[in-house]
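[1] Quick one: sequence and predicted model below, then my questions.
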Amino acid sequence: MSAARDVDVAVIGGGLVGSAIAWGLAKVGQRVAVLDEGDIAFRASRGNFALVWVQSKGLGMPEYAGWTVRSSAAWGGFADALKAQTGIDVSHQRPGGFHLALSERELEQREQVLKRLHNQPAMQRYDWEIMDRERLRQALPHIGPEVVGASYCPLDGHVNSLRLFRALHTGMQQLAVTYLPNHTVDSIEHRNGEFTIRSAGGEVRSGKLVLAAGNGNARLGPMVGLDVPVRPQRGQIVVTEKAAPFLNYPVVTVRQTDEGGVMLGDSLEEAGFDPTVGTGVISVIADRAVRMFPQLARLNVVRSWAALRVMTKDGFPIYDHSATCPGAFVATCHSGVTLAANHALVLAPLIAAGQLPSEQFEVFSARRFHVPAAA
Amino acid sequence: MSGAPELRDSYDVAIIGAGPAGMAAATICAGAGLSTVLFDEQPAPGGQIYRAVGETPVRRPAVLGNDYWYGERLVHALRASAAHHVPGATVWSLSRDREIGVSIDGAARLVQARRVIIATGALERPFPIPSWTLPGVMTAGAAQILLKSSGMIPHGRTVLAGSGPLLWLLAWQYLNAGAKLDAILDTTPRANRKTAWPHAAAFLLSPYFRKGLRLLLSVRRRVRVIADVSDLRAEGDGKLQTIVYRVGDGAETRLPADTLLLHQGVVPNVNLAMSVGIEHRWDEEQLCWTPVVDGFGGTAVDGIAIAGDGAGIAGAWAAEERGKLAALAAVRALKPDARRDLLPDEARVRLALAQVERGRLFLDRLYRPADRFRLPEGDTLVCRCEEVSARQVVETVALGCTGPNQMKSFLRCGMGPCQGRLCGLTVTELIARARGVSPAEVGHYRLRPPVKPITLGELAALPKSEVAIKAVVRG
Amino acid sequence: MFQRLPDAGDATLSITVDGKPVKARAGDTVAATLLAAGIDHCRTTPVSGAPRAPYCMMGVCFECLVVIDGVGNRQGCLIPVRDGMAVETQHGKRELER
C-alpha cells in the first residue's frame, strides 16, 4: 500500500478520455493523479477507430454536432501542442471523410439521415454532400463496382491513435501527472470538501474528482451522487498487414493508418461484458470492406480484436457535475478520439475552474434520461 | 489415409499439428472408430522433430540418427489408420465451441469437432542479441529443417551459439553430414551446474543420458567448443559478417562468420491455445508460459485438450505418450464402448511417460538460459516485426506501462504478423524485471483469431449468420 | 550460406529470383531455394527498410516474406517451389496490386 497522495484532481480512468482530461488539467496548472487499472482491463479505448469524425453526429441532439465540430476544429492545434511538448507527431490528417454506400437504398437512407440531421433546429451548419460514383472515384480510385456513392464531409479526418495515447502519457509525465496503474477503485468518500479514493494500489486524496472510467463509471458514479447509465456495446475491428499507401481518405469503416495497415470495422453487438472476437462478425466486416475496395481481398489479416464501447441510451456523451458532491465530475462518450481536443482544451479547464456552465452542458447531463418522454 | 477425401464439415475429433503427439493421437482416435481429422501446416507429417521423415533426401540413417528415424513408425501408423490427414492446412482460429477455422489452398473453411486436441508443439525461444535480425543469423531449428527437408548444410564460416541439447544434436548431425563448423559458443552459464547437480541422479536413469553423453563427446572431439560465453552479438553491414563474443569477464573476441545458428531451448507454441482463452501459467523452471492441463491434457475449456510440447517442453517421446493420453480421453468421452484391445493401456503409457520425463528437471536447470540472453538491452530489437528495442520497452515501463498488452498500445510491439511468437517472452520478462515483479504477475499478450494470417478475401467468403450480418450492416 | 548435400540430388526446376534464373529442387520450399541460391536477403522491412532473410524456417517468424508470382508477403518457408515460379524480393510494404 503506497502512502496517500494529495492532488488537486484525481482522474479515474487512463484511457483516451481520462488521459486527455488529465493532460488538459495539468496544462492549466492542476496537480493531477490518474488512477488506472492493470494490463488486462476492458478499456473501451482499445476499440477506437482513430477517426476524428463529424458527419452524421448529433441526430437527436444538435448540440452534440456543435460540440463535435468544435473539437474537430481544435484538433489541429491540439496535435501541434502535443508535438511541441513531447516531440511525438500523432499524424492528424483532415482530408475529409466518406461513408460509402453499397446500394442505391443505402445511399438514399444515408442522404435521408443527413438531411434530417441538418434540418434540426439549432443544428451546427457545415458542408457535406452526397457524391455519386463518378465523383467518388476521383478521390477513391480503388472503389469496387458495388459502391454507388457516398456521403462526404470535409471536416472529417483521422489520427494515429496509438501515438496519441503515447503522446498523452508522455505529456502527462512531463507535466508531473502521477500515473497510478493497478489502482482499480474500490470506494470513494467525500468529506469536508475532499475526496478520498481507495484502491488496492493505495489511497488518493483530492479536491476534485473526474470519473473517466468508461463502463466502470456506472459503478463509481453513485459513490459521488452521479447517475451514469452506460452499458457495454461490443465492437470488433480487423487490421491487415502493412500495405503501400493507397487510401488517402478515411472511410468510416475502412481506413489506412499512416503505418500502412488497413483497419476495418465496424460492428455493434449487445454482448454484455464479453470481449470475445467472433469469426462470424469479422467475416462480415471483411466482406463489406472487400466489396468497397476489391483489391483488399489479397491482403492478409494480421490481427483482430474486440472492445466494449461505452454506450448511453441515446448514444450521446454524459458530462455532469455532482450536485451532492460538488467537485465530482463525470465524462463519458464513445468518441474519445474525436472529442480528445475538447476534453483536453475545453472540458479540463472548466473542471479546473470548478464548474460546467449549464448553457453548454445541461444538455449532456444524465438528468436528460429522467425526463419522462412526451406522451 | 491422406490424399484427397473431401473435407467434412464436422468430425468427432480434430487434431491440430502432425508432430509425434498429433500423429499418435490421430492414429488412436481413428483406430477406435472415431471420425478423425489431423490438420497440419506442413506438406508432410512429422512436425518439426520428425520433419520430412517420409521424404528427406538425407537417406544415410547415420546422419540424422536413430531418434529421428524412429518417427517413421509414427508416420506409417498414421497413414495406415483411417485418420484424415490434411497437409498444407493452416489453422487460424479455434472457438470455445470447437469450431476450427482452417485455410487450405488459399480458401478458408470452418470445421466443427466434438473434441479437439491441440498439438502445435514448440518453437525456438527468442535469442535477442544485438543485430540478431541480420541475414545470416538463423535458429538451430531452421538449420535442422534445411537439413532434413532439403538436405542442405552451411558452407562458409559457420558458428553455432547457445545452450541446450538441440544445439549439440544439430552439431552432431552436421558433422555426420560432412559440414564444417568453425566453433560452438556455449552460453550455458557456469553456475547452472550447481543448480542442476542435485537432479543429476534422476537424469542418469533417463534414456536421454547415455545418448546425450555420447553425442556431446563426439561433437567436442571434432569441433572447437568455447564454454562460458557471457556476451554475444552479431555485426555486419546488411548481413552477418562478424560474431563478437566474450568468455566470462574476458576481453572481446571477434570471429568472422557467414552463418550464425542460435539456440537456447524451445518453448511451447501457445498462440492457438491462448486465443481460445485457455489459461496459461508462468513456469519458472522452463521460463515460459505453459497451459493449465490435467493428466490427459484436458483444459478448462470443454472438449479441448493439449498434447505434446505445447503442453510443456518434455521432448518427442513424451509428446507421443501425451498424445496417447489425450486420445484415450477423447475416446472415453465419445465412444466409451470402444474395444479395449484397440487402445493403449493407460498405466503402461503413464509408466513410459514417467520414464522419458525423468531427468527433465536436470536438463531444465543445466540449460537454463542466462538472463543476459533473455533480457536484451539498449538498441537490441525485442520485436522484430515492428522493430521495437529493449530500451523503448524499459522506457515505457517508466511511463507507467505495467504489462504486455498496454505495451502493445504504446509501442506496437506484438502487433506484427508473428503475433508475439518472437517477442512475447522477452517483453514479459523485460517488464517484470523493470517493475521488480514476477513474469506471472506481468502476464502475456492477449491473443485472438486469426492466429495465422489469412486473406481478407478468404475471411469474407466464410458463411455468415443473420446475427453476424445484423451486427455489421445497420441501417 | 547453404549448399546441398550430394544426397539431395539435382536441382532440376527452373525459377527466377528478381528476374534472374535460379535452379531449384523439387520438394524444397521457396525459402530453402533462396538460401541455396545464396541470396543475401529476401525482403526489406516495411518499418525501416532493413534487410531480412529467413530466420526460423517453420512459419512463425515471418521474415521469409517474398513476392511469389506477383503476390506479395508470402511466407517462403511454407510454400513448395514450382517450376517456372517468379520470386521477387519483398520491398517494404505490400503493394495493393501484388
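    Received the coordinates, thanks.

[2] show me where the stretch 151-300 of chain A has helices.
    A:161-174, A:217-220, A:279-292 (DSSP state H, counting those that start in this stretch).

[3] So, low pLDDT: which residues of the stretch 251-375 of chain A?
    A:373-375 (pLDDT under 70).

[4] Could you pull out the strands in it for me?
    In the stretch 251-375 of chain A, the strands defined using DSSP state E, counting those that start in this stretch lie at A:254-256, A:262-264, A:300-311, A:318-321, A:328-332.

[5] for the helices of the stretch 151-300 of chain A, which one ends up most surrounded?
    Here the criterion is mean neighbour count by mean count of other Cβ atoms under 10 Å in any protein chain shown, and of these the winner is helix A:279-292, at a mean of 25. Just so you know, the C-beta spots here come from the backbone N, C-alpha and C atoms, and that holds for glycine as well.

[6] The helices of the stretch 151-300 of chain A into a markdown table, with extra columns for distance to chain C?
    Shown next, in a markdown table, are the helices of the stretch 151-300 of chain A (distance: least, Cβ to the nearest Cβ, whole Å):
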| stretch | distance to chain C |
| --- | --- |
| helix A:161-174 | 14 |
| helix A:217-220 | 38 |
| helix A:279-292 | 12 |
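
[7] so which of those helices gets nearest B:Val223?
    Each of those has some distance to B:Val223 by Cβ to Cβ; the shortest is helix A:161-174, at 47.0 Å.

[8] sorry, back to before: closest one to chain C among the strands of the stretch 251-375 of chain A?
    strand A:300-311 (6.2 Å; Cβ to the nearest Cβ).

[9] Quick check: can you name the pairing partners of that closest one and their directions?
    In the sheet, strand A:300-311 lines up against strand A:231-240 (antiparallel), strand B:454-455 (antiparallel) (DSSP bridges).

[10] quick one: the longest one to helix A:279-292, angle?
    Direction vectors for strand A:231-240 and helix A:279-292, defined by axes from the mean of the first three to the mean of the last three Cα atoms, to 10 degrees, enclose an angle of 60 degrees.

[11] Give the rounded mean pLDDT of strand A:231-240.
    Per-region confidence: strand A:231-240 scores 95 on mean pLDDT.

[12] Flag every buried residue along that strand.
    A:232-240 (16 or more other Cβ atoms under 10 Å in any protein chain shown).

[13] Same check on stretch B:274-288?
    B:274-278, B:280, B:282-283, B:286-288.

[14] tell me, which of these make contact with chain A?
    Near chain A, judged by Cβ under 8 Å from any Cβ of the partner chain, the entries from these are B:Gly277.

[15] quick check, nearest of the buried residues of stretch B:274-288 to A:Val302?
    Among those, B:Ser275 lies closest to A:Val302 (Cβ to Cβ), at 13.4 Å.

[16] Chain neighbours aside, what residue packs nearest to that closest one?
    Nearest residue to B:Ser275, sequence neighbours excluded (Cβ to Cβ, 6 or more residues apart in numbering or on different chains): B:Leu447, at 4.3 Å.

[17] mind listing what that neighbour touches?
    B:Leu447 makes contacts with B:271, B:274-275, B:419-420, as judged by Cβ atoms under 8 Å, 6 or more residues apart in numbering or on different chains.

[18] Kindly report the same for B:Val356.
    B:Val356 makes contacts with B:206-208, B:314-315, B:317-318, B:321, as judged by Cβ under 8 Å, 6+ apart.

[19] so B:Ala161, which of the three states?
    Under DSSP: H, G, I helix; E, B strand; the rest coil, B:Ala161 falls in the strand class.

[20] Let me have the strands of the stretch 251-375 of chain A in JSON lines, extended by distance to B:Thr133 and mean neighbour count.
    Output for the strands of the stretch 251-375 of chain A, formatted as JSON lines (distance: least, Cβ to Cβ, whole Å; neighbours: other Cβ atoms under 10 Å in any protein chain shown):
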{"stretch": "strand A:254-256", "distance to B:Thr133": "26", "mean neighbour count": "22"}
{"stretch": "strand A:262-264", "distance to B:Thr133": "25", "mean neighbour count": "25"}
{"stretch": "strand A:300-311", "distance to B:Thr133": "19", "mean neighbour count": "23"}
{"stretch": "strand A:318-321", "distance to B:Thr133": "48", "mean neighbour count": "24"}
{"stretch": "strand A:328-332", "distance to B:Thr133": "43", "mean neighbour count": "27"}
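
[21] Name all residues that make contact with the closest residue to chain A within the stretch 151-300 of chain B.
    Residue nearest to chain A within the stretch 151-300 of chain B (Cβ to the nearest Cβ): B:Gly277, separated by 7.6 Å. Residues in contact with B:Gly277, defined by Cβ under 8 Å, 6+ apart, are A:276, B:96, B:301.

[22] Just the buried residues out of the residues you listed, in PyMOL syntax.
    Burial among those is assessed by 16+ other Cβ under 10 Å; the matching PyMOL selection reads:
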select buried, chain B and resi 301
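
[23] For the closest residue to B:Glu387 other than its chain neighbours, the count of nearby residues, please.
    Nearest residue to B:Glu387 in three dimensions, chain neighbours excluded: C:Val47, at 4.5 Å (Cβ to Cβ, 6+ apart). C:Val47 has 19 neighbouring residues, counting by other Cβ atoms under 10 Å in any protein chain shown.

[24] ok so C:Val47 is a strand residue?
    No - counting by three-state DSSP, C:Val47 falls outside a strand, being coil.

[25] Among the buried residues of stretch B:274-288, which ones are in helices?
    If you go by DSSP state H, those have B:274-275 in helices.

[26] Much appreciated, bye for now.
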